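**Student:** coordinates only, sequence not included:
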C-alpha cells in the first residue's frame, strides 16, 4: 500500500482541489506549448525508402527532384469547344499563374487527342509535402479566369489539390466520428454506472487527456516528425484507453464502496482502488507503450508518427487516472457521503451503490468453460483458426492516389485527366549519378534506354532527359499510359528495373542508378515493410512476454498471453481479408475493394492490439491473482475473477469498439480497414478470448498457471476470500 501509484493517489485524494487545478493547468500548458512551437511535419525526404527513395535522393542532390504540379483542364460547358477562346483562356491563365511566387513554371498548353480538352500544367515551387499549402494561390487565379469566361469549364486537379481535398474530407470524417462516438460512449457508461455524473467522469478525463496529448505531440514532433496521422491516432487511441483506464479504476472504487458499506472514507476507498486497479492501469499502460515502441523499428516515418501519438496519449491517460481521477472520486465520494448523512437524519434508507458484477448473464456465459474446459478451449480455438484461414490469400499493397474517394472534386477531375491524357497517368524517373567526365556516356545510355522503352507497348511516347548543372546527375522521365495501381504499370516498372536499366546505364562504369516515381514508391514501400516485419514482430512478442511475466511473475501466463494475442490478431486480420479483399461488403461498409489490404494495416494491428489486449489481460488476471494471494483456490479464483470483471471488460470493449467502428465511416480506405480490424480484434479478444479461451486454459492449467513462482498464501488469520479486511486495515 506504499507504492508510487498509491502514494500519488493518496496525495490527490487528500488534496483533491489542488490535484484537479494542477491537472487543468497541465492540460493548458501542454496546449500552450504545442501552439507556441507548432507542429514539425515530415518532409519529403522522410518518406524515402528502398530504391525509389535512393533515386529521389540522388535527383534532389542535382536539383532535379520532381516538382509538385497542378493540372488545369479547359473544356466546354456544353456543345463544341471554341478552340480560339480556349487558347486565349489558356494564355490568360498562364500569364496569371506565372507571376505567382508559388509557381516554378507553366508548361505550354496541350490538346487532348479529340481536341475537347486543353491542358495547362503548373509546376509549384518547394517540396511535394508542402505543395498543398501553395495550391490556394493557383486556385484563386483559376477562379478569376473562370469568372471571366463563364462559357468555359475550368477544372483543377493534381497531387497538391488532391492532398488538400483528402485533408478536408478527413476533417469532416473525424467530426462525424466524434458525433457518433461520444454519445454512444456516454450511453454505455450510463448503463454501467446508472449515474450521469459518474458516466461523465471517464469521458471528461479522456477528452482532457486527448487535449493534453495533442499539445505534447506538437512539441514531440520536433524530435519525431509528424506524418499527418498523429492527431488521428491520438483521437482513436486516446478515447479508447482514456475511458478504459478510468473505467477500470472507477468501477473498482464503486465495488469497494459497496463492500465497505460506509465503514471506509472516500480517501481510503480511493487508495484501495489505486492499490488494485490503479496498479493494473499502470502496468497495462506501460505495456501499450512498450509494444507500440516496437513500431520505431520499422524505420518508417508514418509508423514512427503513429507510435509517437499512441505513446504520448497513453502516458497522459495513465497520468490522469493517477492524479485527476482520485481527486474527482474523492470530491464525488464526499458529496455522496454528505447526501447519505442527510438521508440518515431523515430516517431514509441509504441508496444502494452498485457493486461488482457477476450476475446471471456472466455466470451463464462462463458455464461452458467451467463445466467443460477442454471442449470449450478446443471449439473456441478452432473457431478462431477458421477465421485465420483467409490469411492464406492476403494481398498487401500500398494504397495509391487512385484509391481516394471520388467525392473529392479534384479526384473526379483526375479521372477526366487520365481519360483525356493517358500519357499523364504514370511517370517513371530513371536517375543516374556518375562523374562529370562520364556525362556523355550517361546521356548516350539514357538515349538507348528511351529507345527500348519507346518500342515497348507498356510505355508511351514523350520521354525527356534533364541533367544537373554540374553534369553529375541525370534523370530520364518515361511515361506509362496505365494507372499506377494497374498490372501493366507494375509490369513496366519490373521490366525497367530488371532488363532495360541494367542493359543500358548499368553498363556505365562507376554509375549509381535507380528508378523512382509513383509506381516505384507503391512497390518499394510494402517490400520495405515486409523486410522489417520479422524484426518488429519478434520484438513485439518479446516485449509482450516480458511485460506479462513482470506483471504476474509467471512464465506460463507470459506464454499464454503471447499465444492468445497472436491468435486473436490473426483471426481479426483473416476477417479483414474476408471483408475488404472481396466485393460482397462494399455496399454495406461504403468502400470500393482494391482486392488488397493496405501495407500498414497488419503491422499496426499487431502492435496496437498486443498493447490494448494487455488492458484486459492485466485487469482480469490481476483480479484472479489477487484472490489467489488471499487464499482462494485457483479454480474458484479464475471463475470469480472473470465473473466479477466481466461487466467492466465488456463495457470497455464496447467503448473501444465504438471508437474503432466510427473510423469505418471514414472515406480513406486504409483508415476504414484499420478501424474495422481493430474493432473486430477487440470484440474477439473480449468475448471469445477472455470469456471462453482464457478461463478454459487457466482451469486446465490449475496451479501450474503461476509457474515458476506460486503466489504465497496469507496466514490463516488474515485470509479473506475477497482480501478486504487486511487491506482495509492497511488503509486505515
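**Tutor:** Done, it's in. What you are looking at is a predicted structure, and each value in this text was computed from that prediction instead of being measured. Residues are numbered from 1 along each chain as shown.
**Student:** And this structure, what are its domain boundaries?
**Tutor:** Using automatic domain parsing, the domains assigned to the chain come out as 1-37+195-347, 64-164, 362-393+553-732, 409-523.
**Student:** Throw those into a markdown table and include distance to residue 529, mean pLDDT and mean neighbour count, thanks.
**Tutor:** C-beta: built from backbone N, CA, C; applies to glycine. Rendered in a markdown table, the data for those read as follows (distance: least, CB to CB, whole Å; pLDDT from 0 to 100; neighbours: other CB atoms under 10 Å):
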| stretch | distance to residue 529 | mean pLDDT | mean neighbour count |
| --- | --- | --- | --- |
| domain 1-37+195-347 | 7 | 85 | 21 |
| domain 64-164 | 20 | 90 | 17 |
| domain 362-393+553-732 | 5 | 83 | 20 |
| domain 409-523 | 12 | 91 | 19 |
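**Student:** Could you dump these into CSV with distance to residue 47 added?
**Tutor:** Compiled in CSV, these are given as follows (distance: least, CB to CB, whole Å):
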stretch, distance to residue 47
domain 1-37+195-347, 6
domain 64-164, 8
domain 362-393+553-732, 13
domain 409-523, 8
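**Student:** To residue 536, which of these lies closest?
**Tutor:** Residue 536 lies closest to domain 1-37+195-347 among these, at 4.9 Å (CB to CB).
**Student:** Show the end-to-end separation of stretch 462-480, please.
**Tutor:** 10 Å (CA to CA, to the nearest Å).
**Student:** and the gap between the closest residue to residue 92 other than its chain neighbours and residue 435?
**Tutor:** Spatial nearest neighbour of residue 92, chain neighbours left out: residue 145 (5.7 Å); criterion: CB to CB, 6 or more residues apart in numbering. Going from residue 145 to residue 435 by CB to CB, to the nearest Å gives 47 Å.
**Student:** can you check residue 57 too?
**Tutor:** From residue 57 to residue 435 the distance is 18 Å (CB to CB).
**Student:** starting at the chain centroid, how far to stretch 533-545?
**Tutor:** On the basis of CA atoms, centre = their mean, to the nearest Å, stretch 533-545 is displaced by 18 Å from the centre of the chain it belongs to.
**Student:** wait, I meant stretch 555-572
**Tutor:** Centroid separation for stretch 555-572 versus its chain: 21 Å, with CA atoms, centre = their mean.
**Student:** now swap in stretch 113-129 and tell me
**Tutor:** 34 Å.
**Student:** for stretch 695-714, same thing?
**Tutor:** Offset of stretch 695-714 from its chain centre (CA atoms, centre = their mean): 36 Å.
**Student:** which outside residues touch it?
**Tutor:** Identification of contacts with stretch 695-714 by CB atoms under 8 Å, 6 or more residues apart in numbering yields 366, 368-370, 373-374, 376-377, 380, 552-557, 560, 624-625, 628-631, 634-635, 638-639, 642, 719, 726.
**Student:** The stretch 151-300 of the chain: helices as residue ranges?
**Tutor:** Ranges of helices in the stretch 151-300 of the chain, per DSSP state H, counting those that start in this stretch, are 159-193, 196-220, 230-260, 266-273, 279-293.
**Student:** Any buried residues in the longest one, and which?
**Tutor:** This means helix 159-193. 159-166, 169-170, 173-174, 177, 181-182, 184-186, 188-189, 192-193 (16 or more other CB atoms under 10 Å).
**Student:** now for that helix, which elements pack on it?
**Tutor:** Under the contact definition 3 or more CB pairs under 8 Å, 6 or more residues apart in numbering; DSSP states H and E, helix 159-193 sits against strand 69-76, helix 135-148, helix 196-220, helix 230-260, helix 409-420, helix 634-662.
**Student:** ok, the first one: who's next to it in the sheet?
**Tutor:** In this case it means strand 69-76. Each strand paired with strand 69-76, and its direction, by DSSP bridges: strand 118-124 (antiparallel), strand 152-158 (antiparallel).
**Student:** Residue 53: which of the domains of the chain is closest?
**Tutor:** Of all the domains of the chain, domain 409-523 comes closest under CB to CB, at 7.6 Å.
**Student:** Between helix 634-662 and the helix or strand containing residue 614, find me the angle.
**Tutor:** Using DSSP states H and E, residue 614 falls within helix 601-629. Angle between the axes of helix 601-629 and helix 634-662 is 150 degrees (criterion: axes from the mean of the first three to the mean of the last three CA atoms, to 10 degrees).
**Student:** Against which helices or strands is helix 601-629 packed?
**Tutor:** Counting contacts by 3+ CB pairs under 8 Å, 6+ apart, helix 601-629 packs against helix 230-260, helix 279-293, helix 301-322, helix 518-552, helix 555-580, helix 634-662, helix 669-684.
**Student:** Adding distance to residue 695, write those helices out as a markdown table.
**Tutor:** Output for those, formatted as a markdown table (distance: least, CB to CB, whole Å):
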| stretch | distance to residue 695 |
| --- | --- |
| helix 230-260 | 19 |
| helix 279-293 | 18 |
| helix 301-322 | 27 |
| helix 518-552 | 16 |
| helix 555-580 | 12 |
| helix 634-662 | 5 |
| helix 669-684 | 15 |
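**Student:** mind checking how far residue 443 is from residue 449?
**Tutor:** 11 Å.
**Student:** residues touching the most centrally placed residue in the chain, list them.
**Tutor:** With distances taken as CA atoms, centre = their mean, residue 233 lies nearest the centre of the chain, 4.8 Å away. Residues in contact with residue 233 (CB under 8 Å, 6+ apart) are 305-306, 309-310, 313.
**Student:** ok, so of these, who is nearest residue 583?
**Tutor:** residue 306 (28.8 Å).
**Student:** is it true that residue 276 touches residue 622?
**Tutor:** Yes. With contact defined as CB atoms under 8 Å, residue 276 counts as touching residue 622 (6.9 Å).
**Student:** Quick one: residues contacting residue 295.
**Tutor:** Contacts of residue 295 (CB under 8 Å, 6+ apart): 303-304, 306-307, 536, 603-604, 607.
**Student:** What separation do you get for the nearest residue to residue 480 once chain neighbours are set aside and residue 418?
**Tutor:** Nearest residue to residue 480, sequence neighbours excluded (CB to CB, 6+ apart): residue 426, at 4.0 Å. Distance of residue 426 to residue 418, computed by CB to CB: 10 Å.
**Student:** next one: residue 577
**Tutor:** Per CB to CB, residue 577 is found 29 Å from residue 418.
**Student:** Then residue 401?
**Tutor:** If you go by CB to CB, the gap between residue 401 and residue 418 works out to 11 Å.
**Student:** and what of residue 55?
**Tutor:** Where residue 418 is concerned, residue 55 sits at a distance of 24 Å (CB to CB).
**Student:** ok, now residue 112?
**Tutor:** Here residue 112 is placed at a distance of 11 Å from residue 418 (CB to CB).
**Student:** cool, and residue 263?
**Tutor:** 75 Å.
**Student:** can you check residue 196 too?
**Tutor:** 54 Å.
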